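**Q** I would like the atomic coordinates for the input below:
(2 chains)
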Amino acid sequence: MEKTYRIEVDCANCAAKMETAAKQTDGVADAAVSFMTQKMKVTFTEGSDPTEVMPAVKKACKKVERDCEIFF
Amino acid sequence: MSAKQKIMLIRILLSAAAAGLLLVFPLEGLWQLLWLIPYLIAGYDVLLGAVHGVVNREVFDEEFLMAIATIGAVILGEYQEGVAVMVFFQTGELFQSIAVGKSRRSIAALMDIRPEVAHLEDENGLSDCSPEAVEPNSLILIRPGERVPLDGIVEEGTSALDTASLTGESLPREIAPGSEVLSGCVNLTGVLRVRTTRPYGESTVARILDLVENSAMKKSRSEAFITRFARVYTPAVCLAAALLAVAPPLAAMAAGHSAQWGVWIYRALSFLVISCPCALVISIPLSFFGGIGGASAKGILIKGGSDLEGLAKAGTVVFDKTGTLTQGKFSVSQLLPAEGVEPSRLLELAALAETHSDHPISRSLREAWGGDPARHTLEEVTEIAGHGVTAKVDGTAVAAGNARLIARLGLSLPEAPSSGTVVYVAQEGKYLGAVCIADLPKDGAKEAVAALRKQEVSPAVMLTGDSPAAAAPVAKALGLDRFYAGLLPQDKVNQVEALLAEKRPGKTLLFVGDGVNDAPVLTRADVGVAMGAMGSDAAIESADVVLMDDDPRKLSLAIAIARKTLTIVQQNIILALGIKALCLVFTAFGITNMWWAIFADVGVMVLAVLNAVRALRAPVSKNL
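**A** As a prediction, this is how the structure comes out:
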């Protein structure tokens, strides 16, 4: 399953870091962050629940970039 | 400016004012610690961020580097420089966030064709709702000046539609009851009642928005390079800084000279300031985004950065013939009457004899003639398969068909005309002449091929399922390098593969089709370009680049935009890396100081961002 979320992030490098962090989260098969459109596209692994995975993604992103926000 | 940016600006100004005051009153001894006030005003969040980074094992982030560099400067007693680095770093960040935010928004606005509201008309009268809530087969009202919210068919009203946001075409399109309207267009003059045909999610506007927004996700090779590069660059420069701080003093000590720790540590700290890869990391996606945004304003949708790169490197271009270079419908191109026969009479008889046929060729005859068959009598119509038709028109025996039909009638033909499909006509055993029918080239097709040649995109090849006799004159008229005729759909794929094998290295192969039946070829080519795709789902899905209207000249504009964007990207890579490398070398030898390091970081980023914004403006071509 694939979902797109609105994000807020200030710098492009930080967006790249968020992408790496999101990719390494359990339940995420793939993730792509677009700094330009301020969007994050997450592909979830089979059988995982986005409502459970997304808080973990957000936590992982906050860890690498204090100043970011994901809206889900 | 957002609230966050305003606060940052106030902090920078406060810090600069405090620093100015301290400069007026020279300080000595412990009083110099007063410099920490402007330092902390400007940079407390950088220090916090650095701590956060270390705690989470993200050591090489820019906040950490800035923190180390400035704390180092303060410890060395270079208070002014520590404050300056912090203030300039924050100014640069502020500028970046404002400039990038602004261009991001202007590009987004360019692409924002999202309709806000639909006026739904049902048994309860008129009500406003969001386009998402409207079911297919509902009746909606569109007032002048409003954006068409959903695809549909006009039931009532006439108007002109501005399709510029979909096609880049500035000429309004006239519509009347029965016309199809596509969401995203703007209704210009009259009130329209439209029966919707698709839900919002499947409508043209939603598909285009989806495509454009996702385009930024499909990363180009340059972007991937920069991400990888940044990952190596920062640690490498930090390592070099560590070496620079330690190795020369130790070597000096070993040689019996004074170590000069302060000098070398200062130089190492300058290294850290230069080590941030921001200029590249921000400017390259911004350039691509600008190029894609600028193209979409011209009715050219590019699905991602990698496709933009593919367009820029276009070598071979392969066109599908029908519907791409030609109009995709037959028209009478030439009348060749026998001596003493009126051309109009020739056409009339041909059209009348073929009245009952629904073949495209018969239709083109009737269209060219334009008369009313009901005013003539038509009897004994006989279709002879593979030959043509014989009939009694107004009482005379007329035959219309190919050369075999004429031969069957025992008549001899004059020299056969050279091109296209030919309908020969005979009346009462007498040869009347020939009507040539061809699929005529589109307006601008010739200019399109010429423009590509000017851009050094060659060879230009045409593929078609038509016979060589039909294809050759088109290829010649348009100035194409080569053509392959008589191809079945699977032959087209094979032919494209053969052309892929012989293209020049470093160049890409473009396939341009109208999206009808050529999805496999669109996918197989390096860059698949679908043309005239307004409303065609399959084309939008399988193509990499979509030209919204069916003007083949848009292709060379797309290539020009792509090339301009790539040039900007290359300029930025060279500019940023060049200045940084120079500053690193000069700093290592003590020629430049931390002020130069600040320029290499912040200044280069500002320049790169300003350069990147240029990508938004499409190059003006004289051919378009």
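**Q** how far is the lengthiest helix in chain A from where the chain is centred?
**A** The helix spanning the most residues in chain A, taking DSSP state H as the definition, is helix A:50-64. Here the centre of mass of C-alpha atoms in helix A:50-64, compared against the chain's by Cα atoms, centre = their mean, to the nearest Å, lies 7 Å away.
**Q** per the record, what domains does chain B have?
**A** Residue ranges for the structural domains of chain B, counted by automatic domain parsing, are given in the record as B:135-198, B:328-441.
**Q** quick check: B:Asp307 vs A:Glu19, distance?
**A** Between B:Asp307 and A:Glu19 the distance is 20 Å, computed by Cβ to Cβ, to the nearest Å. Heads up, the C-betas are built off the backbone N, CA and C, glycines and all.
**Q** what do you get for B:Thr322?
**A** With distances taken as Cβ to Cβ, B:Thr322 is found 43 Å from A:Glu19.
**Q** if we can go back for a sec, just name the most buried of the domains of chain B.
**A** Greatest average neighbour count among the domains of chain B goes to domain B:135-198 (a mean of 19), per mean count of other Cβ atoms under 10 Å in any protein chain shown.
**Q** touching chain A at all, the helix or strand harbouring B:Ala608?
**A** Element membership for B:Ala608 (DSSP states H and E) is helix B:604-613. No: Helix B:604-613 is not in contact with chain A by Cβ under 8 Å from any Cβ of the partner chain; minimum separation 10.3 Å.
**Q** any idea which helix or strand comes after the helix or strand hosting B:Ala451?
**A** Element membership of B:Ala451, judged by DSSP H and E, is helix B:445-454. Read in the C-terminal direction, the helix or strand following helix B:445-454 is strand B:460-463, with elements assigned using DSSP H and E.
**Q** any idea of the mean pLDDT for that following strand?
**A** Per-residue pLDDT over strand B:460-463 has a mean of 91.
**Q** buried residues in the next helix or strand after it, which are they?
**A** Once strand B:460-463 ends, the next helix or strand along the chain (criterion: DSSP H and E) is helix B:468-478. Residues B:470-472, B:474-475, B:477-478 are the ones in helix B:468-478 that count as buried (16 or more other Cβ atoms under 10 Å in any protein chain shown).
**Q** just say helix, strand or coil for the most far-flung residue of chain A relative to its centre.
**A** In chain A, the residue that sits farthest from the middle, by Cα atoms, centre = their mean, is A:Gly47; the gap is 18.2 Å. The three-state label given to A:Gly47 by DSSP: H, G, I helix; E, B strand; the rest coil is coil.
**Q** ramachandran angles for B:Asn56?
**A** Dihedral angles of B:Asn56 (phi, psi; degrees, to the nearest 10) stand at phi -100, psi 20.
**Q** so what's it up against?
**A** Residues touching B:Asn56, when contacts are defined by Cβ atoms under 8 Å, 6 or more residues apart in numbering or on different chains, comprise A:63-64.
**Q** if I look at it, how far off is A:Gly27?
**A** Between B:Asn56 and A:Gly27 the distance, using Cβ to Cβ, works out to 21 Å.
**Q** which parts of chain A sit against chain B?
**A** Proximity of chain A to chain B, by Cβ under 8 Å from any Cβ, involves residues A:4, A:10-13, A:16-17, A:32, A:34-39, A:41, A:63-64, A:66-67.
**Q** redo that, cut-off 10 Å
**A** Taking Cβ under 10 Å from any Cβ of the partner chain as the test, the list of chain A residues beside chain B reads A:4, A:10-17, A:19-21, A:31-41, A:60, A:62-67.
**Q** can you say which of those are buried?
**A** Neighbour counting over these (16+ other Cβ under 10 Å) leaves A:4, A:10-17, A:19, A:21, A:31-41, A:60, A:62-66 as the buried ones.
**Q** I'd say B:Trp9 and B:Gln90 touch.
**A** No Trp there; residue B:9 is Leu. Yes: in this structure B:Leu9 lies within contact range of B:Gln90 using Cβ atoms under 10 Å: 9.4 Å.
**Q** of these two, which one has the most company?
**A** Regarding B:Leu9 and B:Gln90, a neighbour count based on other Cβ atoms under 10 Å in any protein chain shown identifies B:Gln90 as having more, with 22 against 15.
**Q** next structured bit after whichever strand or helix holds that one?
**A** B:Gln90 is part of helix B:79-111 when elements are defined by DSSP H and E. Toward the C-terminus, helix B:79-111 is succeeded by strand B:118-122 as the next helix or strand (DSSP H and E).
**Q** dump that following strand to PDB, restricted to CA.
**A** In PDB, the C-alpha atoms belonging to strand B:118-122 read as follows (Å, rounded to 0.1, in the frame of the first residue of the first chain):
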ATOM      1  CA  ALA B 118     -18.400  22.600  -8.000                       C
ATOM      2  CA  HIS B 119     -22.000  24.000  -8.300                       C
ATOM      3  CA  LEU B 120     -24.100  20.800  -8.200                       C
ATOM      4  CA  GLU B 121     -27.600  21.000  -9.700                       C
ATOM      5  CA  ASP B 122     -30.100  18.400  -8.500                       C
END
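**Q** elements contacting that strand?
**A** Applying 3 or more Cβ pairs under 10 Å, 6 or more residues apart in numbering or on different chains; DSSP states H and E, we find strand B:118-122 packed against strand B:125-129, strand B:139-142, strand B:192-196.
**Q** what about the residue in the stretch 451-600 of chain B that chain A sits nearest to, which helix or strand?
**A** At 12.7 Å from chain A, B:Asn572 is the closest residue in the stretch 451-600 of chain B, using Cβ to the nearest Cβ. Secondary structure here is read from DSSP H and E; on that basis B:Asn572 sits in helix B:554-588.
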